[in-house]
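Enquirer: I would like to see how this sequence folds:
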Amino acid sequence: MSRIGKKEIAIPSGVNVDIQGSLVKVKGPKGELSRTFHDLMIVEKNKEELIVKRPDDEKLSRSLHGLTRTLLANMVDGVTKGFSKNLEISGVGYRAAKQGNKLVLNLGFSHPVEFDPPTGIEFDVPAPTRITVRGIDKELVGQVASDIRAKRPPEPYLGKGVRYEGEKIKRKAGKTGKK
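Expert: This next block holds a predicted model:
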């Protein structure tokens, strides 16, 4: 039995969970999320907790069991606390600014790079070299942060570019001069 899949998900006060077959809707103080899960997974709601069950011990059922439970737990956490991802920018002249809802990045290109946030995502720029991506959908927050990082990933020689907060870059030695 999956150790993660058999754990119950506590439903905090102020969160409403609606189960309609394989569609689960979670509504909380920060917003509403809905997701359709695989037909094999059985999601049940007891008084103040959600339980995910699987019908058999087939390989597909076992692999979906823990996944379904984790996705449900992330939905409940998202509508109560929300998720955020922090990015750091390093490099001479590299900076970020917020114009309205848009994120404008100067990353050494001949033009500024603009990001319009998808619905449910907001950007925060506490400093010109720091970006915070916030939202209630963990998957979407991670994808948007990855898209921003992909515009100028950190390079291994000088370490310039956009990286996740706390990410370590393996540095390479440059060429040695002629003697």
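Enquirer: can you give me the distance of the residue nearest the centre of the chain to L67?
Expert: Closest residue to the average C-alpha location of the chain: G142 at 2.8 Å, with Cα atoms, centre = their mean. Going from G142 to L67 by Cβ to Cβ, to the nearest Å gives 16 Å. Quick note: C-beta positions are derived from backbone N, CA and C, even for glycine.
Enquirer: apart from its chain neighbours, what residue comes closest to the residue nearest to the centre of the chain?
Expert: Computed as Cβ to Cβ, 6 or more residues apart in numbering, the closest residue to G142 that is not its neighbour in sequence is K85, at 6.3 Å.
Enquirer: hang on, that neighbour packs against Y164?
Expert: Yes. At 7.1 Å, K85 counts as touching Y164 under the criterion of Cβ atoms under 8 Å.
Enquirer: who's more crowded, these two?
Expert: K85 (20 against 15; other Cβ atoms under 10 Å).
Enquirer: partner residues bridging the more buried one?
Expert: Applying DSSP bridges to K85 gives these bridge partners: V133.
Enquirer: any idea how far it lies from L71?
Expert: The spacing between K85 and L71, counted by Cβ to Cβ, is 18 Å.
Enquirer: could you do D18 as well?
Expert: Look at D18 and L71: by Cβ to Cβ, they are 16 Å apart.
Enquirer: more neighbours, the two?
Expert: Per other Cβ under 10 Å, whichever of D18 and L71 has more neighbours is L71, with 18 against 12.
Enquirer: are we agreed that L105 is in a strand?
Expert: Yes. The assignment for L105 by DSSP: H, G, I helix; E, B strand; the rest coil puts it in a strand.
Enquirer: skip the chain neighbours and tell me the closest residue to it.
Expert: Sequence neighbours aside, V113 is the residue nearest to L105 in space, at 4.4 Å (criterion: Cβ to Cβ, 6+ apart).
Enquirer: one more: E167?
Expert: P154 (7.5 Å).
Enquirer: quick one, phi/psi of that neighbour?
Expert: The phi/psi pair for P154 (degrees, to the nearest 10) reads phi -60, psi 130.
Enquirer: okay, it: pLDDT?
Expert: pLDDT for P154: 95.
Enquirer: that one touches K160, doesn't it?
Expert: Yes. Using Cβ under 8 Å, P154 is in contact with K160, at 6.8 Å.
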